[in-house]
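Enquirer: Whatever this is, show me its structure:
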Amino acid sequence: MITQHHCRIAGHRHKRSPLGAGVDPATPVNEPFSADFRWATLPGIQATPIQFTDGQAKVFEALWALKGAEMDDERIM
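Expert: Residues are numbered from 1 along each chain as shown. You can find the predicted model right below:
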């Protein structure tokens, strides 16, 4: 479960990593995605992790939950 606690880093609000203190929140946990789906790490494409907005992270998390399930695009939307 992703907690809704936030911390202030460089003037931005970030969800605290469910992995615990001292762990980089961008660390891949769900293949390329971080535990909270706010970051993706694609080493062969980009040298630095890609940060997503809260809305984008929610979409990726929802799609990840459907991983492997067969369904049409209307149901996904």
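Enquirer: rest of the way, CA atoms for contacts and neighbours
Expert: Noted.
Enquirer: okay, which residue is most central for the chain?
Expert: The chain has residue 37 as the residue nearest its centroid, 0.9 Å off, counting by Cα atoms, centre = their mean.
Enquirer: what's the closest non-adjacent residue to that one?
Expert: Of all residues not flanking residue 37 in the chain, residue 57 sits nearest, at 4.9 Å (Cα to Cα, 6 or more residues apart in numbering).
Enquirer: same check, this time on residue 76
Expert: Nearest residue to residue 76 in three dimensions, chain neighbours excluded: residue 63, at 8.0 Å (Cα to Cα, 6+ apart).
Enquirer: what does residue 33 give?
Expert: residue 40 (4.4 Å).
Enquirer: Check residue 27 too.
Expert: Leaving aside its chain neighbours, residue 27 sits nearest to residue 34 (5.3 Å; criterion: Cα to Cα, 6+ apart).
Enquirer: correct me, but the one you found touches residue 26?
Expert: Yes. Contact status for residue 34 versus residue 26: in contact at 5.3 Å, counting by Cα atoms under 8 Å.
Enquirer: can you list residues touching both of those two?
Expert: residue 40 (Cα atoms under 8 Å, 6 or more residues apart in numbering).
Enquirer: so what's the residue nearest to residue 33 up against?
Expert: When contacts are counted by Cα under 8 Å, 6+ apart, residue 40 touches 26, 28, 32, 33, 34, 49, 50, 51.
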